[in-house]
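Chemist: model the following, please.
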Amino acid sequence: MMGYLNMGLDALQTRLAWVATDSIDWKFYLQVCSWSVCLFESYLLVCFPRLRQFPLYSKTEPPPVLAEHFKPETFKKSQAYGKDKAKFSLVSGLYKQVIDSLFLHYGLMAWSWRIGGKIIAKLGYGPEYEILQSIAFAFTLFFVSSLPSLPLSFYQNFVLEEKHGFNKMTPSLFVTDLLKGWGIGFAIGAPFLAMFLYIFKWAGNRFVPWLMAFLLIFQLSMVILYPTVIQPLFNKLSPLSEGELRSRIEALATRLEFPLKHLYEIDGSKRSSHSNAYFFGLPWSKHIVIFDTLIKQSKPEEVEAVLAHELGHWFFAHPTKLLLLSQIHIFTILALFPAFLNAPPLLRAFDFPPSVAAKPPTIVAFLLYQMLLTPLEAIVGILMNAVSRKFEYEADRFACELQTRLKDERMEDMGDRLGRALVTLHVENLSTVWVDWLYSAYHHSHPTLTERLRALDGYKSAAAKAKDVAEKKEL
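Modeler: Prediction:
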């Protein structure tokens, strides 16, 4: 098996041998690709003479299917919030692209590698310690490139979100979160990067299967570490208090044989008024987390319906399927990378001196390679959104079919409850209800509210027909 894999990878590298020899203006290519993606994203918001998403915020009435759910004042607020977010997205997107282009033009990556070398030199290490210099380089690059976006983050929280009543964060909490994020990034990123690069050195040209195994182990580890170790540094997770909601969720989990170990309430209101619910864990031990904002905004039976949807993801193994798709994606990226790993012309195109370009550092080659994949990654993102949206429909259908699956008449209105919960979430979060189809396909991993309500009506009708057929058979 490994022999066939290595033969295929070798044949692929033979076809890509030109990357290591041909002199190509990779910097110009990257500038064109990154600006193309940025301008396409801007087009999705507003484009003359054809207008896409932005003009929809000027509509004065919700879609007919939502007319009875949105009060005029609430809809007006929703449109204003959507318009402000669209303006911010347009301006911040162009701003970030200009900054990235300037960094690219003036050789930020080559400068960061040089600074990384100076940092380890002060610690008594030379350039032969490539992994150590790579860690210093990565964090120098991250720190410098993240500075220009800090004003945007501050504005988004304390101006945009504050204006519409969602921000609950204080400036001190903002700074604390930022410093915690940097600290955690270094604590996890440094050993991760060291192991990542060590596998390249140890496995040589046969690194693909070994690196995939390492990345898979890391992904699975983060499934456990993030909610149990990292998230508690930012939010408080408390056992959901006894009562109707807890009883409903535990009963549903038991009947579906969902391996529920813990049921948490998280203080999401500490930072925002937005709400959510999710589950995590290993196949034999799952944990459910519900935002306190969701509990306050919805009735217990509606929260139960939201959790029924989430359990639909578990029932159909959606997380596992997405993990498998991500492995295919990672394999494709890693399979093409060797051609760029030993390509001096690539580094010379990005202002690296000949002494460095002659033997490309692995981390530098990999980051440049990822940047060159920008247009392809945009396409992959659209495809992954399509898969995610399909899974959302399946989870909605699962909730509607619980009455049939569990043979429980009390579940008959689960589809209605889920519909009400979705409407409540959109109303409370002032979510946009008028959405351009192309904008949605590119940006949204979930169907729009009108699409989901329309689908729910179909699922409920199908479930009712199936029930009638079953009853007639019994007679």
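
Chemist: any idea how far the residue lying closest to S78 once chain neighbours are set aside lies from Y57?
Modeler: For S78, ignoring the flanking residues on the chain, the nearest one in space by CB to CB, 6 or more residues apart in numbering is L430 at 4.4 Å. Any C-beta I mention is one placed from the backbone N, CA and C, and that applies to glycine too. Distance of L430 to Y57, given as CB to CB, to the nearest Å: 12 Å.

Chemist: these two: who's more crowded?
Modeler: Neighbour comparison, L430 and Y57: the larger count goes to L430, with 22 against 18 (by other CB atoms under 10 Å).

Chemist: ok so, going back, any common contacting residues for L430 and Y57?
Modeler: Contact with both L430 and Y57 is made by residues G82, according to CB atoms under 8 Å, 6 or more residues apart in numbering.

Chemist: who touches the residue nearest to H313 when sequence neighbours are not counted in this structure?
Modeler: Distances taken as CB to CB, 6+ apart place A395 nearest to H313, at 5.0 Å, with adjacent residues excluded. If you count contacts by CB under 8 Å, 6+ apart, A395 has them with 309-310, 312-313, 316, 318.

Chemist: so which of those residues is the closest to N205?
Modeler: Comparing those against N205 with CB to CB places H318 closest, at 35.4 Å.

Chemist: what sits against the nearest residue to the closest one once chain neighbours are set aside?
Modeler: Counting by CB to CB, 6+ apart, H318 lies nearest to F391, which is 4.5 Å off, once chain neighbours are set aside. By CB under 8 Å, 6+ apart, the residues touching F391 are 313, 316, 318, 321-322.

Chemist: now, which of those lie within strands?
Modeler: With strands taken from DSSP state E, there is no overlap with the contacts of F391.

Chemist: turn those residues into TSV, columns for distance to S149 and pLDDT.
Modeler: Shown next, in TSV, are the contacts of F391 (distance: CB to CB, whole Å; pLDDT from 0 to 100):
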residue	distance to S149	pLDDT
H313	32	95
F316	37	96
H318	32	95
K321	33	95
L322	28	94
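
Chemist: make a markdown table out of these and add distance to K296.
Modeler: What follows is these, written out as a markdown table (distance: CB to CB, whole Å):
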| residue | distance to K296 |
| --- | --- |
| H313 | 24 |
| F316 | 30 |
| H318 | 28 |
| K321 | 33 |
| L322 | 30 |
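
Chemist: wait, which of these is closest to S42?
Modeler: L322 (28.8 Å).

Chemist: thought that closest one was touching K390?
Modeler: No. Using CB atoms under 8 Å, L322 is not in contact with K390; the gap is 11.1 Å.

Chemist: which of these two has more neighbours?
Modeler: L322 (15 against 12).

Chemist: about what we covered before: what is the nearest of the contacts of A395 to K168?
Modeler: Distances from K168 to the contacts of A395, taken by CB to CB, are shortest for E310, at 24.3 Å.

Chemist: hmm, the closest one is touching V289, no?
Modeler: No. Using CB under 8 Å, E310 makes no contact with V289, being 10.0 Å away.

Chemist: what touches both of the two?
Modeler: In contact with both E310 and V289: 277-279, using CB under 8 Å, 6+ apart.

Chemist: as CSV, those with neighbour count would be great.
Modeler: As requested, the shared contacts of E310 and V289 are exported to CSV (neighbours: other CB atoms under 10 Å):
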residue, neighbour count
A277, 21
Y278, 14
F279, 20
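
Chemist: end-to-end on stretch 38-58?
Modeler: 24 Å (CA to CA, to the nearest Å).

Chemist: returning to that earlier point: narrow the contacts of A395 to those that are buried.
Modeler: Buried subset of these (neighbour count, 16 or more other CB atoms under 10 Å): 309-310, 312-313, 318.

Chemist: which helix or strand contains the residue nearest to H313?
Modeler: For A395, the host element (DSSP states H and E) is helix 374-400.

Chemist: in the sheet, who's paired with the closest residue to P227 other than its chain neighbours?
Modeler: Using CB to CB, 6+ apart and skipping the chain neighbours, the partner closest in space to P227 is F280 (5.0 Å). Beta-bridge pairing for F280 (DSSP bridges): H287.

Chemist: how close does F280 get to L325?
Modeler: F280 is 18 Å from L325, by CB to CB.

Chemist: tell me the contacts of E130?
Modeler: E130 touches 197, 361-362, counting by CB under 8 Å, 6+ apart.

Chemist: returning to that earlier point: and the residue nearest to H313, what pLDDT?
Modeler: Per-residue pLDDT puts A395 at 96.

Chemist: distance of it from L422?
Modeler: A395 is 12 Å from L422, where distance means CB to CB.

Chemist: with L373 instead?
Modeler: 35 Å.

Chemist: and these two? which has more neighbours close in?
Modeler: L422 (23 against 16).

Chemist: isn't the more buried one up against L453?
Modeler: Yes. Counting by CB under 8 Å, L453 is a contact partner of L422 at 7.1 Å.

Chemist: just the helices in the stretch 51-200 of the chain please.
Modeler: Counting by DSSP state H, counting those that start in this stretch, the stretch 51-200 of the chain has helices at residues 72-105, 108-122, 130-146, 150-155, 162-163, 171-203.

Chemist: please identify the deepest-packed of these.
Modeler: Highest mean neighbour count among those (mean count of other CB atoms under 10 Å): helix 130-146, with a mean of 19.

Chemist: ok, the residue nearest to Q156 when sequence neighbours are not counted - contacts?
Modeler: Residue nearest to Q156 in three dimensions, not counting chain neighbours: F88, with 6.5 Å by CB to CB, 6+ apart. F88 sits next to 155-156, 160 when contact means CB under 8 Å, 6+ apart.

Chemist: which one of those residues is nearest to F337?
Modeler: Q156 (34.4 Å).

Chemist: what's around the closest one, how many residues?
Modeler: There are 17 residues near Q156, going by other CB under 10 Å.

Chemist: now it: how far from I288?
Modeler: From Q156 to I288 the distance is 29 Å (CB to CB).

Chemist: ok, K460 next?
Modeler: Where I288 is concerned, K460 sits at a distance of 25 Å (CB to CB).

Chemist: same question for L323.
Modeler: 19 Å.

Chemist: looking at the two, which has the bigger crowd around it?
Modeler: Neighbours were counted for L323 and for I288 using other CB under 10 Å; I288 has more, 23 against 14.

Chemist: for that one, list the residues it contacts.
Modeler: Contacts of I288 by CB under 8 Å, 6+ apart are 249, 253, 260, 262-264, 277-279, 307, 310.

Chemist: repeat that with 6 Å
Modeler: By CB atoms under 6 Å, 6 or more residues apart in numbering, I288 lies in contact with 263, 279.

Chemist: cool, and R271?
Modeler: So R271 contacts 168-169 (CB under 6 Å, 6+ apart).

Chemist: phi and psi next, for it.
Modeler: phi -120, psi -30 (degrees, to the nearest 10).

Chemist: do you know how far it is from N235?
Modeler: Following CB to CB, the distance that separates R271 from N235 is 8 Å.

Chemist: just for the stretch 351-475 of the chain, where's the confidence low?
Modeler: For the stretch 351-475 of the chain, the stretches with pLDDT under 70 are 467-475.
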